[in-house]
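Student: one predicted model, sequence on top.
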Amino acid sequence: MLSFLSSCSPKQQRKAATKPTTAPSPLITPKLDPNMSAFDKIFEYVDANEKYYIDRLAEVVAIPSVSAEAARRPDVVRMGEWLVKELKALGATVNVHHPGKQTIEGQQLDLPPIVLGTYGTDPAKKTICVYGHYDVQPAAREDGWDTDPWTLVEDAKGRLIGRGSTDDKGPVISWLWVIAAHQKLGLDMPVNLKMCFEGMEESGSEGLDEFIIAEAKGDFFKDVDAVCISDSYWLGTKKPCLTYGLRGVSYFMVEVSGPGKDLHSGVFGGIVHEPMSDLFAVFSKLVSADGKILIPGIYDDVAPVTDAEDKMYGTLDFSLNDIHEAVDSKVTIHKTEKEALMARWRYPSLSIHGIEGAFSSPGSKTVIPAKVIGKFSIRSVPNMEPAKISELVKTFVNAEFKKIGSKNTLSIDCGHAGKAWVADTNHYNYVAAEKAVERVFKVKPDFIREGGSIPVTLTFQDALQTNVLLLPMGRSDDGAHSTGEKIDKENYIGGIKLLAAYLHEIALVA
Ligand SMILES: C[C@H](N)C(=O)N[C@@H](Cc1c[nH]cn1)C(=O)O
Ligand SMILES: [Zn+2]
Ligand SMILES: [Zn+2]
């Protein structure tokens, strides 16, 4: 299964490509001392089956389940079906919810299925709902990947490189390996599991909130005692973390159009209002070079810093160098760790992502694009409301466009929005996770917040009236959403142990 690449660059020759063309490595059941604890048995079993887990990760990375691209929608559905098949093979009760339709790229498409697995219904046990997403961000070799994003490659440092390896396929399939390990070892599962896996997280989780709210008291969710999500990252590269906060996100599309078709810039340059120039003029007013959002009122609702929060920053195992390593450069804005973490966790930020319709190929085509759609998002923090953010942004963008005096047309739309989330860490869910980290990694975790967004987290907390824990497997330098996304073998294998240990600790502490 693990083959070495030949006839390629020296850089690539050091890498092994794991292609899912043949059966995965066989599962091994090591001979274990019956007196060993359940924890130790599971840990030894997981170590013995490292190769199998990597082969199975390769299998799912090879399914390009990009939710944002219409052409990839069948692959997203295929990935959902893969999960259904695996869950059924494990003996889980599986239901699939079809959330309806969506229009993207002018096409009406079925939203991918929400896959719901139930494993165990023992009223004497706690019921833990685990959530994850099986869709991924777009990826293309031309973006700057050294390897094919859809072929899992293990490099000399034990990094498993491929789109979705850390965000979020590695963590999602790890829940399956936890069930399978218990079966092979003849161990009783310590909790009942409710598994909720969606295929639209990277594109606004369409249909999921409505489903959870409608079903909160229904069969699937009614007995849930706590929720666990593994879809975030350690703060650095060495110390495990538990995550208790996320920023929200409001995603905007700004369309500027005017000319009826693309134009020759030599013939029409200087005599027509150009959509791209208008968009640049407006976008240049959104954010300063040092990351301050320039939209009036946007900071008004940001929660003030408390004394406890102020002191907490100094306790974390984190240095600016962790950011430098993660971004492969020293282009950080802030001078201190505290300022950088505050900017990531507790202040809003605005990022410009791209322009649809703009000429972006190599070469020097002298075109005036007739229509462009600029895309940016605002990461929001506690107390900021998506409706107010949208109102402030739209008012500002329309006013800035008016100032230009262009005869083109601008329209702005908020594609999707989700609120920030902060959890109560004084809950057995966090106590169990902390103990699990200590068991697996022999160190106490840092308690951190995250700059990214998982909009459904708050929905789980509010609709199910339950505690939500984020239990990350990957590291800060995994490059989620980026080129060369990876999960370290150590984190993947350690992560499988961590998820198993967490479920056992729940049974012990709750
Ligand atoms: C933190 C999580 N793994 C993640 O990557 N979430 C995405 C969610 C999103 C929102 N719009 C598009 N994707 C993120 O934070 O960007
Ligand atoms: Zn993501
Ligand atoms: Zn994710």
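Tutor: All right, it came through fine. Model, not experiment: these values are computed from the prediction. Ligands and ions are numbered 1, 2, ... in the order given.
Student: would you pull up the residue in the stretch 251-400 of the chain closest to ligand 1?
Tutor: Per CB to the nearest ligand atom, residue 251 is where the stretch 251-400 of the chain lies closest to ligand 1, at 5.6 Å. C-beta coordinates here come from the backbone N, C-alpha and C atoms, glycine included.
Student: isn't that residue right up against residue 415?
Tutor: Yes - using CB atoms under 8 Å, residue 251 is in contact with residue 415, at 4.4 Å.
Student: which neighbours do those two share?
Tutor: Counting by CB atoms under 8 Å, 6 or more residues apart in numbering, the shared contacts of residue 251 and residue 415 are residue 204.
Student: neighbour-wise, which of the two wins?
Tutor: Using other CB atoms under 10 Å as the criterion, residue 251 and residue 415 rank with residue 251 on top: 18 against 13.
Student: paired strands for the helix or strand harbouring the more buried one, with orientation please.
Tutor: Remark: residue 251 resides in strand 248-257, with elements defined by DSSP states H and E. Strand 248-257 has the following strand partners under DSSP bridges: strand 371-380 (antiparallel), strand 409-418 (antiparallel).
Student: buried stuff in the longest helix seen in the chain?
Tutor: In the chain, with assignment by DSSP state H, the single longest helix is helix 489-509. Neighbour-count burial for helix 489-509, counted by 16 or more other CB atoms under 10 Å, picks out 489, 491-507, 509.
Student: can you show me the CA trace of that helix as CSV?
Tutor: These are the backbone C-alpha positions of helix 489-509, laid out as CSV (Å, rounded to 0.1, in the frame of the first residue of the first chain):
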residue,chain,number,x,y,z
LYS,A,489,1.6,10.8,12.3
GLU,A,490,2.2,11.4,16.0
ASN,A,491,-0.9,13.6,16.3
TYR,A,492,-3.1,11.3,14.3
ILE,A,493,-2.2,8.2,16.2
GLY,A,494,-2.0,10.2,19.5
GLY,A,495,-5.4,11.7,18.6
ILE,A,496,-7.1,8.3,18.2
LYS,A,497,-5.8,7.4,21.7
LEU,A,498,-7.0,10.8,23.0
LEU,A,499,-10.5,10.4,21.7
ALA,A,500,-10.8,6.9,23.2
ALA,A,501,-9.3,8.0,26.5
TYR,A,502,-11.7,11.0,26.6
LEU,A,503,-14.7,8.7,26.3
HIS,A,504,-13.4,6.5,29.1
GLU,A,505,-12.7,9.5,31.3
ILE,A,506,-16.2,10.7,30.8
ALA,A,507,-17.5,7.4,32.2
LEU,A,508,-15.1,7.8,35.2
VAL,A,509,-15.7,11.5,36.0
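Student: what helices and strands are in contact with that helix?
Tutor: With contacts taken as 3 or more CB pairs under 8 Å, 6 or more residues apart in numbering; DSSP states H and E, helix 489-509 sits against helix 38-48, helix 50-61, strand 159-161, helix 169-185, strand 226-229, helix 428-441.
Student: the residue most central in space within the chain and residue 113, how far apart?
Tutor: By CA atoms, centre = their mean, the chain has its centre lying nearest to residue 167, at 4.8 Å. To residue 113, residue 167 is 20 Å away according to CB to CB, to the nearest Å.
Student: repeat for residue 418
Tutor: In this view, residue 418 and residue 113 are 21 Å apart by CB to CB.
Student: what are the contacting residues of whichever strand or helix holds residue 457?
Tutor: According to DSSP H and E, residue 457 maps onto helix 456-463. Under the criterion CB under 8 Å, 6+ apart, residues 129, 131, 198, 201, 205, 208-209, 212-213, 216, 221, 227, 229, 246, 418-421, 423, 466-468, 470 lie in contact with helix 456-463.
Student: okay, and which of the residues you listed map to helices?
Tutor: Using DSSP H, these in helices are 208, 209, 212, 213.
Student: mark which of these are buried, thanks.
Tutor: 208, 209, 212.
Student: what's the average pLDDT for the longest helix of the chain?
Tutor: The pLDDT scores in helix 489-509 average 98.
Student: report the distance from that helix to the chain centre.
Tutor: Chain-centre distance of helix 489-509: 20 Å, with CA atoms, centre = their mean, to the nearest Å.
Student: repeat for stretch 333-347
Tutor: Relative to the centre of its chain, stretch 333-347 is centred 21 Å away, using CA atoms, centre = their mean.
Student: check whether that stretch contacts ligand 1.
Tutor: No - Stretch 333-347 lies out of reach of ligand 1 by CB under 6 Å from any ligand atom, never closer than 11.8 Å.
Student: pLDDT of that stretch, averaged?
Tutor: For stretch 333-347, mean pLDDT rounds to 98.
Student: let me see the domain layout of this protein.
Tutor: Taking automatic domain parsing as the criterion, the chain consists of the domains 3-246+421-508, 248-302+347-418.
Student: what's the least confident stretch among the ones you listed?
Tutor: The minimum mean pLDDT among the domains of the chain belongs to domain 3-246+421-508 (a mean of 94).
Student: quick one: contacts of stretch 442-450?
Tutor: Residues contacting stretch 442-450 (CB under 8 Å, 6+ apart): 232-233, 235, 239-247, 315-318, 344-346, 422, 425, 430, 433-434, 437-438, 470.
Student: returning to that earlier point: which residues touch the residue nearest to the centre of the chain?
Tutor: Taking CB under 8 Å, 6+ apart as the test, what residue 167 contacts is 136, 137, 231, 474, 478, 480, 481, 485.
Student: for the last one, give its distance to residue 138.
Tutor: Which is residue 485. For residue 485, the distance to residue 138 equals 11 Å [CB to CB].
Student: check the offset of the helix holding residue 457 from the chain's centre.
Tutor: Distance of helix 456-463 from its chain centroid, counting by CA atoms, centre = their mean, is 16 Å.
Student: what about that helix, near ligand 1?
Tutor: No - for helix 456-463, no contact with ligand 1 is found by CB under 6 Å from any ligand atom; the gap never falls below 9.4 Å.
Student: anything in that helix near ligand 3?
Tutor: No - Helix 456-463 stays clear of ligand 3 (CB under 5 Å from the ion), getting no nearer than 10.7 Å.
Student: now the stretch 201-350 of the chain against ligand 3: closest residue?
Tutor: Per CB to the ion, residue 231 is where the stretch 201-350 of the chain lies closest to ligand 3, at 4.1 Å.
Student: who touches that residue in this structure?
Tutor: Contact analysis of residue 231 by CB under 8 Å, 6+ apart lists 131, 132, 133, 167, 168, 171, 201, 454, 470, 472.
Student: measure the residue lying closest to the third one once chain neighbours are set aside to ligand 1 for me?
Tutor: Spatially, and ignoring its direct neighbours in sequence, residue 133 is nearest to residue 201 (3.4 Å; CB to CB, 6 or more residues apart in numbering). Between residue 201 and ligand 1 the distance, using CB to the nearest ligand atom, to the nearest Å, works out to 6 Å.
Student: picking up where we left off before, out of the domains of the chain, indicate the one that is most buried.
Tutor: The highest mean neighbour count among those, using mean count of other CB atoms under 10 Å, belongs to domain 3-246+421-508: a mean of 20.
Student: quick check, residue 200 in contact with residue 115.
Tutor: No - at 11.8 Å, residue 200 and residue 115 do not qualify as touching, with contact defined as CB under 8 Å.
Student: still on that earlier bit, look at the residue nearest to the centre of the chain and give its secondary structure.
Tutor: Classification of residue 167 using DSSP: H, G, I helix; E, B strand; the rest coil returns coil.
Student: residue 227 contacts residue 128, doesn't it?
Tutor: Yes - using CB under 8 Å, residue 227 is in contact with residue 128, at 7.4 Å.
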